[in-house]
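Enquirer: here is a sequence with its predicted model. Questions after.
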Amino acid sequence: MINTRNILSVLLLFCSFSLWAQTGDKKVIDKVVATVGGEIILLSEVQEQYTFAKQQEPNLPAEYQCVALQNLLVQKLLVNQAKLDSVEVGDDEVENQLGARIDRLMLYFNQDQQALEEYYGLSINQIKDQTRNEMRNQMLAERMQAQITEGATVTPAEVQAFFSNIPKDSLPYFNAEVEIREIVYKPKVNDEQKGIARQRITELRQRLSEGEDFAALAKKYSDDPGSGSNGGDLGWQKRGTFVPEFEAVVYNLENGQISPIVETEFGFHVIQLLERRGNLVHARHILIKPEITSADLAAAEAKLDTVRNLLKSNNISFTDAVKKYGDKNTASYNNDGRVANPRSGNTFFEVQDLDTDIYFAIEDLQPGDISEPIPFRGPDGTRMFRLVMLQSRSKPHRADLKLDYNKIQTAALEQKKAEFTEKWVLEKLQSTYLSVDSLYRDCPNIQLLLEETSAGR
């Protein structure tokens, strides 16, 4: 039998299942299989969740569709209540999240937009259009769940009790982990290359003024890998998304107007505003980056080597060095140089999760030691350098309350939040309409939910 309460303890998983699942291979005619409040659940949604989960765990039984349906029921219940409580999610927030999802997908496809679009059989804009409503509902559900769990806290005694209740033979085994800090330095472009880039963008601006197609020129000449292949299209963005120089221009354009040449830290731009809706703008641009020469790279490496010597001689703190020399567009810049693990969200990396160049750079370091300058390329292909400090290193070990307190505290808090949400769900079902198609009524967990609904009537 599937335990309802165990499933409800993993509610946070439901949000990511269906948003980016492929939907082109549906074998059955779609239909409504459940209704909760004013929200419906389609058979295709259940199957998409199941397919996604099976990709992660190939041995999942077909009965997991019962779990998939329950996850969706909980999500829709949260969405239904969020709408009743007038919880708001702004258009700009939805667009930003869609953009962030696309950016993460682009990483999986090595920034190859054509490969991504061929895989899904849709353009970037079509993917956004098809998932915009789901994204809004996901954000509503998350916001509603945050309200439900905002009072959840754990005391040290509760953390200790949580840890003590884990059977000794079930304690997780943590691999060797490291924490690192970095100073990312962007090479300075010499004036000669700046002049060459400015001349190129001037020529393109002239061709645009003579009536040449913006999208065609962007595809052929733009140095922005994220938008160039899409005709320079930047999608809908809110105020605060772009660097100040770019934003100051784009928000002062009229629909269809092409800007003068704009210089930013990324290079030289020509911008066209396609449409504006309040604080949202839909624009496209052509970017020409000045070329970084070998002399520029050598100067940057020498500069970071000087910073490293200042750090080693204690003439500057790492914190101050990050602020003085670090690239402010790097995520670690605003985190005191600490590098976050994108897989876990915390600052701990298993050694196999590190970039190869960082792994070898810190392999022989002791905590507090700083690497030599390491060359690398940023997400947009920009050539950069970084200094890496080894903050901490742990050996492989069983979970230990003293060594792993922060991780155990986080797990205890997530359990407390799950308990808050579970209690809310079971209470809310007693006053909310719930209907489930006969296709899933034999699921033990769904039967329990239906019983909870009946108990309140």
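Expert: Thanks, I have the structure now. Numbering: from 1, shown residues only.

Enquirer: part of a helix, is residue 30?
Expert: No - when DSSP: H, G, I helix; E, B strand; the rest coil is applied, residue 30 is found to be coil, with no helix at that position.

Enquirer: my guess is it contacts residue 43. True?
Expert: Yes - A contact is recorded between residue 30 and residue 43 when judged using C-beta atoms under 8 Å, the distance being 5.6 Å. Using the backbone N, CA and C atoms, a C-beta is placed for each residue, glycine as well.

Enquirer: neighbour-wise, which of those two wins?
Expert: When residue 30 and residue 43 are compared on other C-beta atoms under 10 Å, the one with more neighbours turns out to be residue 43, at 20 against 12.

Enquirer: only the buried residues of stretch 73-91, if you could.
Expert: For stretch 73-91, the buried set under the neighbour-count rule, 16 or more other C-beta atoms under 10 Å, comprises 73, 74, 75, 76, 77, 78, 79, 80, 81, 82, 87, 89.

Enquirer: tell me the mean pLDDT for it?
Expert: For stretch 73-91, mean pLDDT rounds to 94.

Enquirer: show me how far it is from its chain's centre.
Expert: Distance of stretch 73-91 from its chain centroid, counting by C-alpha atoms, centre = their mean, to the nearest Å, is 22 Å.

Enquirer: which residues touch that stretch?
Expert: 8, 11, 14-15, 34, 36-41, 136-141, 143-145, 147, 236, 277, 280, 421, 425, 428-429, 432, 434, 446, 449 (C-beta atoms under 8 Å, 6 or more residues apart in numbering).

Enquirer: pull the CA atoms of that stretch into CSV?
Expert: What follows is stretch 73-91 as a C-alpha-only set of coordinates in CSV (Å, rounded to 0.1, in the frame of the first residue of the first chain):
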residue,chain,number,x,y,z
LEU,A,73,-3.6,17.1,-6.7
VAL,A,74,-1.6,18.8,-4.0
GLN,A,75,-0.2,21.3,-6.5
LYS,A,76,-3.6,22.1,-7.9
LEU,A,77,-5.0,22.4,-4.3
LEU,A,78,-2.3,25.0,-3.5
VAL,A,79,-3.0,26.9,-6.8
ASN,A,80,-6.8,26.8,-6.1
GLN,A,81,-6.2,28.3,-2.6
ALA,A,82,-3.7,30.8,-3.9
LYS,A,83,-6.3,32.2,-6.3
LEU,A,84,-9.0,32.3,-3.6
ASP,A,85,-6.6,34.2,-1.3
SER,A,86,-5.6,36.5,-4.2
VAL,A,87,-2.0,35.5,-4.1
GLU,A,88,-0.3,37.4,-6.9
VAL,A,89,2.5,36.5,-9.3
GLY,A,90,3.5,39.3,-11.7
ASP,A,91,4.0,38.9,-15.4
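
Enquirer: how is this structure partitioned into domains?
Expert: According to automatic domain parsing, the chain comprises the domains 4-156+406-455, 174-189+293-398, 191-288.

Enquirer: any chance of these in CSV, with distance to residue 163 too?
Expert: What follows is the domains of the chain, written out as CSV (distance: least, C-beta to C-beta, whole Å):
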stretch, distance to residue 163
domain 4-156+406-455, 5
domain 174-189+293-398, 12
domain 191-288, 42
